[in-house]
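Asks: Fold the following for me, if possible:
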Amino acid sequence: TNAAINLLPGSVTLAFDPYAPNLSDWMKKARAAGHEVMLMVPLEPGTFPYDDPGPLSLMTANAPEENRNRLKSILGLTTGYVGVMTIMGSKFNTSEKHLRLFLEALKERGLMLLEGVVNSETLAPKIATEIGLPWAVTDLVIDSIPTKTEVDNQLAELETILVNKTAVVAIAEAYPTSIERIGAWIAGLSEKKFVLAPLSALANKQVKK
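Replies: Next comes the predicted model:
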């Protein structure tokens, strides 16, 4: 985490897990280094209970009030974030009733949404657009296989996607290899005529050319 904060430029947005120890300290440190920060919100996956999003997760089996209370607990853990990034959620984000309540709560607080998983079935962009919530979706995960070769391959894929889209969002873990390869890739962006931007600058802009 220290490496991500200190070695990557401020235009790289950093997202923090609500279960992380010393959460507020890490987010303050990231902001002090010039990064925009997001807070992660775990949602129910289709693979639950095999994959458990934890005690604060929003679940389709919960009453609306329970999900509101859990979201309030998460959002109250710290301050200074521009929006939330969802974790998991392959079941939750296809349930319009549950997802709409979640997204309306984000709008009430003036936050942005990042759909943190690559999921073509998610209803989040549709509902967010309907209610006027700023949104972005993850186009690809750079380090699902965290090796130098695979990270470089995914960064090349990102450039391919940009041929047809005005903006692309890619995410990665704070692995040493990921940080090193992302940093090297960023150093060559200007000659490729690409611009790295914080996530808030890409709200509602992931459209086809």
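Asks: how many neighbours does Lys107 have?
Replies: The number of residues packed near Lys107 is 15, by other C-beta atoms under 10 Å. C-beta here means a position set from N, CA and C on the backbone, and glycine is covered the same way.
Asks: Repeat that for Glu65.
Replies: A total of 9 residues lie near Glu65 under the criterion other C-beta under 10 Å.
Asks: what does the model give it for pLDDT?
Replies: At Glu65, the predicted lDDT confidence score is 91.
Asks: Got phi/psi on the residue most central in space within the chain?
Replies: Centrality entry for the chain: nearest residue to the mean C-alpha point is Met85, 3.7 Å, by C-alpha atoms, centre = their mean. Reported as degrees, to the nearest 10, the phi and psi values for Met85 are phi -120, psi 130.
Asks: pretty sure it is touching Met38, no?
Replies: Yes - distance between Met85 and Met38: 4.6 Å, which falls inside the contact criterion (C-beta atoms under 8 Å).
Asks: Now the common contact residues for these two.
Replies: Common neighbours of Met85 and Met38, counting by C-beta atoms under 8 Å, 6 or more residues apart in numbering, are Ala15, Leu114.
Asks: Might you report the residue contacts of the residue nearest to the centre of the chain?
Replies: With contacts defined as C-beta under 8 Å, 6+ apart, the neighbours of Met85 are Ala15, Met38, Leu39, Met40, Val41, Leu114, Gly116, Ile171.
Asks: redo that, cut-off 10 Å
Replies: By C-beta atoms under 10 Å, 6 or more residues apart in numbering, Met85 lies in contact with 13-17, 37-41, 112-117, 136, 138, 169, 171, 199.
Asks: what are the ranges of the helices in the chain?
Replies: Under the criterion DSSP state H, the chain contains helices at 2-7, 23-32, 64-75, 96-108, 124-131, 148-161, 176-187.
Asks: Just the buried residues of the fourth one, please?
Replies: It stands for helix 96-108. His98, Leu99, Arg100, Leu101, Phe102, Leu103, Ala105, Leu106 (16 or more other C-beta atoms under 10 Å).
Asks: Same question for the third one.
Replies: By neighbour count, and taking 16+ other C-beta under 10 Å as the criterion, the buried residues in helix 64-75 are Asn67, Arg70, Leu71, Ile74, Leu75.
Asks: wait, Ser95 sits on Leu123?
Replies: Yes - in this structure, Ser95 is within contact of Leu123 by C-beta atoms under 10 Å, at 7.9 Å.
Asks: re earlier: now the contacts of Met85: which count as buried?
Replies: Members of the contacts of Met85 that pass the buried threshold by neighbour count (16+ other C-beta under 10 Å) are listed as 13-16, 37-41, 112-117, 136, 138, 169, 171, 199.
Asks: Go through those and flag which are in strands.
Replies: Counting by DSSP state E, those place 14-16, 37-41, 112-115, 136, 171 in strands.
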